[in-house]
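Peer 1: here you go, sequence then predicted model.
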Amino acid sequence: MDSISRHEQLLRVFHLIDILFGARQPLTAADLKDRLRTRGVIDDMSDRNLRRDIEFLGKFGYALKASRKRTARGTTCQAWEIVPGKGADELAAPAVSLPELLSLAAAREFLTPLAGTFYWRGIAQLIAKVEKIATPQLLAYAEAHKEGLVVHPKPSATKYGSRMLNAVNRAIRNALELEIRYTSLADQRPRRSVIRPEALVLYDGSIYIAAHRPPAKESGPRRSTADAAIRFFKLDRVAEARPTSRTFIRQEQAIESLLADSITIYRSPQPPRRYRIRIDADRARWACEKPFHPRQKVRRQADGGVVLEIDRAWDEEMIPQLLGLGDAAEVLEPADVRDRISEIAHRIAARYAGRPLRSLDARGIGG
């Protein structure tokens, strides 16, 4: 069994444990597959594979009892349930501390945008189990301290539909091409597109699909650079997502490494460039604490200011950040970015001074 198949089996096994523990009566193969399907874990699977997963549970020390259950048609079939026995000591409720309980509650707040997915259900179920084994005094104390951590702005739990999130997650998990209806900022209405999803990225309270496009048919066996480039599709703009039956080979480079040179999740086909930025003393501490860039090097100056050295950054990502610092920041290099910011500053000044832009453009300042 390869690593992907093993990962899929482990995911099913953990769901089977939860399903069987929550069942009030023995469950047949059809019952188990139906509940796995409802959770978005499978599309379909054979009875043989399900029995293999159940045998896997036995190897983990869970006591499974097989019995016969009558179906709606009057026939009987095999059914399973978890019963007390072998493994009982391992399943005993552990002691729970206040920091652990509060940390779980905080984690649930951060995962709110993923409401409806197995990530959200998993932590919600875990908290419910922890609350059952915590003492009343501990729960009361935790309730009194629940305002000790504030997540702001608080993500909306109803922002994304669980069906769409499950569809996207299943496509990622099984390396399936995903057909979406997506409205980019340049579009007025959704367009159909096929993407190859690599991961979900949670950024600034929104979820993005990190994906690349299938190679164009006319490009032949060699894949173009544009097709291979990772793009980020904001889930807010996805009107529909449907996994196809077509599989793909995942890219070797992890999404985390792709984002290492980015302040946000911006990607550009152009290579990143070196930046040197001087920050005045009154904003120097903020620029260092933020940080302004994840890989910045800080050179402190005698007057209290700093010079930030950033080896790899993109213009379209850096310029808005620099404008946000106003006159507290000065780009030392690249030289052409200095010119671009100067042009933008003149346009801003002209707008607030009430002068028409064409007067500036006539002097060659506008652009």
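Peer 2: Cool, the structure landed.
Peer 1: now the strands for this protein?
Peer 2: For the chain, the strands identified by DSSP state E occupy 27-28, 64-70, 76-82, 176-182, 191-203, 206-212, 231-234, 238-247, 273-279, 297-300, 306-313, 329-333, in order along the chain.
Peer 1: okay, the angle between the longest one and strand 176-182?
Peer 2: Angle, strand 191-203 to strand 176-182, by axes from the mean of the first three to the mean of the last three C-alpha atoms, to 10 degrees: 100 degrees.
Peer 1: give me the contacts around strand 191-203.
Peer 2: 113-114, 168-169, 171-172, 175, 177-184, 207-214, 230-233, 244, 248, 250-251, 255, 259, 264-265 (C-beta atoms under 8 Å, 6 or more residues apart in numbering). Placement of C-beta: from N, CA and C, glycine included.
Peer 1: for it, give the mean pLDDT please.
Peer 2: Strand 191-203 carries an average pLDDT of 93.
Peer 1: pLDDT weak spots in the stretch 1-150 of the chain?
Peer 2: Filtered on pLDDT under 70, the stretch 1-150 of the chain yields the residue ranges 1-7, 10, 60, 84-99, 101-102, 116-118, 133-149.
Peer 1: and the helices in it?
Peer 2: The residue ranges that make up the helices of the stretch 1-150 of the chain, judged by DSSP state H, counting those that start in this stretch, are 3-22, 29-38, 47-59, 98-110, 118-133, 136-144.
Peer 1: buried stuff in the fifth one?
Peer 2: Just to be clear, that refers to helix 118-133. Buried residues in helix 118-133, counted by 16 or more other C-beta atoms under 10 Å: 118, 119, 120, 121, 123, 130.
Peer 1: ditto for the second one
Peer 2: Neighbour-count burial for helix 29-38, counted by 16+ other C-beta under 10 Å, picks out 29, 31, 32, 33, 35, 36.
Peer 1: any chance of these in a markdown table with distance to residue 330 as columns?
Peer 2: Compiled in a markdown table, those are given as follows (distance: C-beta to C-beta, whole Å):
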| residue | distance to residue 330 |
| --- | --- |
| 29 | 69 |
| 31 | 67 |
| 32 | 64 |
| 33 | 64 |
| 35 | 61 |
| 36 | 59 |
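Peer 1: and of the strands of the chain, who's closest to residue 108?
Peer 2: Within the strands of the chain, the stretch nearest residue 108 is strand 191-203; the backing value is 13.8 Å (C-beta to C-beta).
Peer 1: the residue most central in space within the chain and residue 66, how far apart?
Peer 2: Geometric centre of the chain, nearest residue: residue 201, 3.0 Å, by C-alpha atoms, centre = their mean. Residue 201 sits 43 Å away from residue 66, going by C-beta to C-beta, to the nearest Å.
Peer 1: okay, now the closest residue to residue 244 other than its chain neighbours: neighbour count?
Peer 2: Nearest residue to residue 244 in three dimensions, chain neighbours excluded: residue 177, at 4.7 Å (C-beta to C-beta, 6 or more residues apart in numbering). Residue crowding around residue 177 was assessed by other C-beta atoms under 10 Å; the count is 19.
Peer 1: I appreciate the help and will end here.
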